[in-house]
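J.: Compute the structure for the input listed below.
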Amino acid sequence: MCQKRVNDMKTSKTALNLTEGRPVKLILLFAIPVFLGNLFQICYSLVDTKIVGSILGETALAAVGSVSVLYTLLTGFFNGLSLGFSVVTARFYGSGEERKLKENVAGAIVLGYLTAAVIITGVAVFLRPILTLLNVPPEQLDLSLSYITLLVWGMFVTLAYNLCANTLRAIGDSITPLIFLVIAAFTNVGLDYLFILVFHMGVRGAAVATLVSQMLSVVLCLIRIRQGFPILHIKKEHFVFSRSRILSLYESGLSMGLMSSLVNFGTLVLQSGINQLGTNIIVAHTAARKVCEIWGLPVSVLGSSMATYCGQNYGAGRYDRIRQGIRSVLLLGGVWDGIVFVLAHTVSPYLIRFITSSDNAEILYWGTTYLRVDMSFLFICLFIIILRNCMQGFGDYKTPILSSAIELVGKLVFTFVFVRLFGYWGIIWTEPVIWFLMVIPLIVQTLRNPIVRKQKQE
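T.: Next up, the predicted model:
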């Protein structure tokens, strides 16, 4: 069976076997395409923001920014769900169990879409009340609703891409998703101008452009899987469901989905506090978060890459490689955090001005202040992201959820207490304080875990 897996892997030069070779080199080879793909994804989100702000004005930009966190919440959940499914797939790939791998992929498709049907329908039905709870300003409500409604229903397309991309990454191919994301990014830019400038569709045009470009990437991924990855060809006989398989998929998928959701739901609650502070604060925070997404991307990618890396090596029983990988990515992430610290204290005002297309002094001040304070503590976030993704890879699902629950509770407290007392300063200090609390259980459990502590390979 192991030889069969190796032969299948050789059908594509883009796939990596993460259980053999120098860990740091393999992790970088795997992570760099993931990073570039996510960067392009953020860039075409940034293009939406830039075009909406420069063409449609600050009110339209605030309307998009006030609900973008809801979109991030849903996207994060479905990406986490599919990533969790793919971690199980990576274990079967590492152990060479092809039949179970295919049954796992089939199960991921069915469970993913059943879950999506329930969540997306529920959110769509109660979308207006949700925006009201988010304290979206009345003058922006209709614009926000027209924008987010399309994106909510488009989550079915988003899930399809995430299932394809994360399954490919589970067997070591991070290049194919990159290629198709690049194509989608350039398509999105062109469609933004077409729908907003030519067809005058307003903020809905930005949403439509995003969905069409995502749909293109899904079609391209499916064609590529069909032509180049026989190990992922699913047939009717692979749709076999047992209690143990469903529990295994949901244990991993919901763990990562909930981990992301708790984080993003906390941010959603925080956004409701931000939305009460006025249009200038909303615009400043929207721009600052876009910069944070880009600066935090290398750390985030190293984390998601470690979930796959640990999954494959856990399946292969290579615990020594798991320990080597953790040490390597913490060192790499630490170097990047130092670079971000310098950038935050030098170029922040120019980035905020570029994204918002505004010279408003209040917007520039608060956006810059947020970046300088929060990015000074990014090193804590490094440990959080790396450790909890590694835990998912080797089967510890409870500790990452506990850490994310701490974040949710912390953001609830800050929103309903400190934001009212200190205004936007309460928002600025929320994440550094909460990061410190979140990292404690992760470090303690990592040091106690026998996979990390064991000195000799099993």
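
J.: Which residue would you name as the spatial centre of this structure?
T.: Gly76 (5.1 Å; Cα atoms, centre = their mean).

J.: I'd guessed that residue sits against Leu258; true?
T.: No - applying Cβ atoms under 8 Å, one finds Gly76 not in contact with Leu258, separated by 10.3 Å. Where C-beta positions appear, they are placed from N, C-alpha and C, glycine not excepted.

J.: so where does Leu351 fall, helix or strand?
T.: helix 348-356 (DSSP states H and E).

J.: correction: Gln227
T.: Per DSSP H and E: helix 203-228 holds Gln227.

J.: Also Ile179?
T.: Counting by DSSP H and E, Ile179 is part of helix 175-193.

J.: ranges for the helices of the stretch 301-450 of the chain?
T.: Here the stretch 301-450 of the chain has its helices, by DSSP state H, counting those that start in this stretch, at 319-344, 348-356, 361-374, 378-393, 398-413, 419-422, 424-428, 430-448, 450-453.

J.: ok, back up a step: now the helix or strand following the helix holding Gln227 and helix 430-448, what's the angle there?
T.: Using DSSP H and E, the helix or strand that follows helix 203-228 in sequence is helix 243-274. For helix 243-274 against helix 430-448, the angle by axes from the mean of the first three to the mean of the last three Cα atoms, to 10 degrees is 150 degrees.

J.: from the chain's centre, how far out does the very next helix or strand once past helix 243-274 sit?
T.: Per DSSP H and E, the first helix or strand lying C-terminal to helix 243-274 is helix 279-295. For helix 279-295, the separation from the chain centroid amounts to 17 Å (computed by Cα atoms, centre = their mean, to the nearest Å).

J.: just stretch 68-77 next, same as before
T.: For stretch 68-77, the gap between its own C-alpha mean and the chain's C-alpha mean amounts to 9 Å (Cα atoms, centre = their mean).

J.: Also stretch 202-215?
T.: Taking Cα atoms, centre = their mean, one finds the center of stretch 202-215 at 19 Å from the center of the full chain.

J.: and that stretch, C-alpha only, in CSV?
T.: Output in CSV follows, covering the C-alpha atoms of stretch 202-215 (Å, rounded to 0.1, in the frame of the first residue of the first chain):
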residue,chain,number,x,y,z
GLY,A,202,-22.2,49.5,-6.7
VAL,A,203,-21.0,47.3,-3.7
ARG,A,204,-23.0,44.4,-5.2
GLY,A,205,-20.6,44.5,-8.1
ALA,A,206,-17.6,43.8,-5.8
ALA,A,207,-19.5,40.8,-4.3
VAL,A,208,-20.4,39.4,-7.7
ALA,A,209,-16.8,39.7,-8.9
THR,A,210,-15.5,37.8,-5.9
LEU,A,211,-18.0,34.9,-6.4
VAL,A,212,-17.4,34.6,-10.2
SER,A,213,-13.6,34.5,-9.7
GLN,A,214,-14.0,31.9,-6.9
MET,A,215,-16.2,29.7,-9.1
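
J.: And the contacts of it?
T.: 44-45, 48, 51-52, 56, 60, 63-64, 143, 146-148, 150-151, 154, 157-158, 161, 184-185, 187-188, 191-192, 194-196, 199, 201 (Cβ atoms under 8 Å, 6 or more residues apart in numbering).

J.: Quick one: buried ones out of those residues?
T.: 44-45, 48, 51-52, 56, 60, 63-64, 143, 147-148, 150-151, 154, 157-158, 161, 184-185, 187-188, 191-192, 195-196, 201 (16 or more other Cβ atoms under 10 Å).

J.: packing partners for the strand or helix carrying Gly112?
T.: Applying DSSP H and E as the criterion places Gly112 in helix 98-125. Packing contacts for helix 98-125, counted by 3 or more Cβ pairs under 8 Å, 6 or more residues apart in numbering; DSSP states H and E, involve helix 2-9, helix 58-95, helix 138-153, helix 155-170, helix 243-274.

J.: Tell me, how many residues neighbour Lys398?
T.: A total of 11 residues lie near Lys398 under the criterion other Cβ atoms under 10 Å.

J.: ugh, wrong one, Leu81
T.: Leu81 has 31 nearby residues by other Cβ under 10 Å.

J.: wouldn't it be in contact with Ser255 here?
T.: No - using Cβ under 8 Å, Leu81 is not in contact with Ser255, being 9.4 Å away.

J.: could you give the mean pLDDT of the helix holding Gly112?
T.: When pLDDT is averaged over helix 98-125, the result is 94.

J.: Pull out the buried residues from that helix.
T.: Result for helix 98-125 [16+ other Cβ under 10 Å]: buried residues 98, 100-109, 111-112, 115-116, 119-120, 123.

J.: Am I right that Asn79 is in contact with Asn162?
T.: Yes - because the distance of 4.9 Å satisfies Cβ under 8 Å, Asn79 is recorded as touching Asn162.

J.: Of the two, which one has the most company?
T.: Legend: neighbour count by other Cβ under 10 Å for Asn79 and Asn162, higher for Asn162 (24 against 21).

J.: so what's the residue nearest to the more buried one when sequence neighbours are not counted up against?
T.: The shortest distance from Asn162 to any residue other than its chain neighbours is 4.1 Å, reached at Ser82 (Cβ to Cβ, 6 or more residues apart in numbering). Residues near Ser82 by Cβ under 8 Å, 6+ apart: Ala108, Gly112, Leu159, Asn162, Leu163, Ala165, Asn166, Thr167, Gly253.

J.: The third one: neighbour count?
T.: Neighbour count for Leu159, taken as other Cβ under 10 Å: 25.
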